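In: need a 3D model of the sequence below.
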Amino acid sequence: MTGRRSTIRVRLTALYACAFFVAGAILIALMYFYLAQSLHNRPAALQGIVQQFRNERGLPNRPVIDNVLTAIAAQAERERKETLHGMLTWSLISLGAVGVAAGGFGWLLAGRALAPLQNVTATARRVADRSLHERIAFDGPNDEIKELADTFDAMLERLDSAFDGQRRFVANASHELRTPLAINRTLIEVALEDPEVPDATRKLGETLLEVNRRNERLIDGLLVLAKGEQKLDTRTRVDLADVAHHAITTAGPTARDAEIHLTSDLVHAYVIGDPALLERLAENLVENAIRYNVAERGWVHVNVTGAAQYSRLTVSNTGPVIAPFELDALFEPFRRRASTERTTDAAQAAGSRGAGLGLSIVRSVATAHGGDVRAEARPEGGLVVTVTLPFHQ
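Out: Coordinates of the predicted model:
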């Protein structure tokens, strides 16, 4: 259980109060010492002077006078002690009362001193949530807070430039890489339409087409992965049930060919995000669940639930037994299990193997939407992958 977070304002208030109490205690001690010295037992001293005078003049003692002087000295000592005790008691009570008031004033002063910093924090949070193109542009005295705001603006400038460069790279790569692959695919398809093409050449062309398709899927996956790691450009209200239903419909033929029983339990659960990326997330989960399954009597179950704070998309499947320590590696790019454990690709060419980006894209998209993804290994084999996203009413 974590304790309550201690803010700078609380610490400054505590520091002000402690400094006040220490200074007040020192002041009370000095006043007590001074008053104790000032209220010295003067009647007792007077009694000593009278006795010394008698001894010098040879005068006889007077018991009545001595008793009166002794009584006066005792009374004076009692009053001195009562005065010191009363002064100390009321000083401590006053110190406590004024200390509480000083703590309150310290809280107000700390809040006033930290108000510019809170404004900088609020502006920085708004800039980070909306667009890196905005700046704090703090307008205030040239102090430490303005220096902090200017430093943050400089960091935002560098981040904005870096993300712009990454977006330009993704756009250029999308064009430069897809165009030659599309040309290669067209040339091969045109060549294979010739009925006089020898069987060996036709088989080679079909193999090249499959390799070309795999490269296209690889490039498409890398581009989606790069986009998922960036700030979302599109934010709309999306129903995870619709997204999951679309993914199930798309993967239905593949599941039937692989003899995988595909079921679902979907309820409306809304999130805010990019519909295209969320569809890709659901499609990757369902496709991976079908691909990495058992050869006979395999099944895949898709479940969507909505709660007060979170929406969840869960995909469960049968499949090979996976050790718990292997789960984290499944979300790393280009990590995939052996082809002997794949069912839907068993009857296809080796070039149809996935690129190993499916779950990496899932994690990237989930993170971009403020959620997370968790995988659990089923004891009898297979996985339960759960994507949790912030719920939107």
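In: and H268, which of the three is it?
Out: coil (DSSP: H, G, I helix; E, B strand; the rest coil).
In: quick check on it: phi, psi?
Out: phi -70, psi 130 (degrees, to the nearest 10).
In: in space, what's closest to it - neighbours in sequence excluded?
Out: Nearest residue to H268 in three dimensions, chain neighbours excluded: A241, at 5.2 Å (Cβ to Cβ, 6 or more residues apart in numbering). C-beta coordinates here come from the backbone N, C-alpha and C atoms, glycine included.
In: try A269
Out: Nearest to A269 is G306, by Cβ to Cβ, 6+ apart, at 3.2 Å.
In: contacts only, for that neighbour.
Out: 240, 267-270, 312, 391 (Cβ atoms under 8 Å, 6 or more residues apart in numbering).
In: most neighbours, which of those residues?
Out: L240 (26 neighbours; other Cβ atoms under 10 Å).
In: which positions within the helix or strand where I248 lies qualify as buried?
Out: Using DSSP states H and E, I248 sits in helix 240-257. Buried residues in helix 240-257, counting neighbours by 16 or more other Cβ atoms under 10 Å, are found at 240-248, 251, 255.
In: for A247, list the residues it contacts.
Out: 279, 282-283, 285-286, 302.
In: quickly note the distance from it to L357.
Out: For A247, the distance to L357 equals 16 Å [Cβ to Cβ, to the nearest Å].
In: same question for D153.
Out: For D153, the distance to L357 equals 36 Å [Cβ to Cβ].
In: quick one: which of the two has more around it?
Out: L357 (22 against 17).
In: pretty sure that one contacts P333?
Out: Yes. Counting by Cβ atoms under 8 Å, P333 is a contact partner of L357 at 5.8 Å.
In: can I take it that H392 is in a helix?
Out: No. Read with three-state DSSP, H392 is coil and lies in no helix.
In: could you measure from it over to D242?
Out: 14 Å.
In: tell me the one of the contacts of G306 nearest L117?
Out: Closest approach between the contacts of G306 and L117, by Cβ to Cβ: F391, at 32.2 Å.
In: and the closest residue to the closest one other than its chain neighbours, what element?
Out: Leaving aside its sequence neighbours, F391 sits nearest to S311 (Cβ to Cβ, 6+ apart; 4.8 Å). Applying DSSP H and E as the criterion places S311 in strand 310-317.
In: list the pairing partners of that strand within its sheet, with orientation.
Out: strand 298-306 (antiparallel), strand 383-390 (antiparallel) (DSSP bridges).
In: for K81, find the nearest of the ones you listed.
Out: strand 383-390 (69.7 Å).
In: give the buried residues for the helix or strand where F33 lies.
Out: Per DSSP H and E: F33 is located in helix 8-38. For helix 8-38, the neighbour count (16+ other Cβ under 10 Å) marks 9, 12-13, 16-17, 20-21, 24, 28 as buried.
In: by contact count, what packs against the strand or helix carrying R185?
Out: Following DSSP H and E, one finds R185 within helix 144-192. Packed against helix 144-192 by the contact rule (3 or more Cβ pairs under 8 Å, 6 or more residues apart in numbering; DSSP states H and E) you find helix 63-130, helix 199-228.
In: tell me which of these sits most buried.
Out: helix 199-228 (a mean of 16; mean count of other Cβ atoms under 10 Å).
In: show me what the mean pLDDT comes to for that helix.
Out: Averaged across helix 199-228, pLDDT comes to 77.
In: quick check: angle from that helix to helix 144-192?
Out: With axes from the mean of the first three to the mean of the last three Cα atoms, to 10 degrees applied, the angle from helix 199-228 to helix 144-192 works out at 170 degrees.
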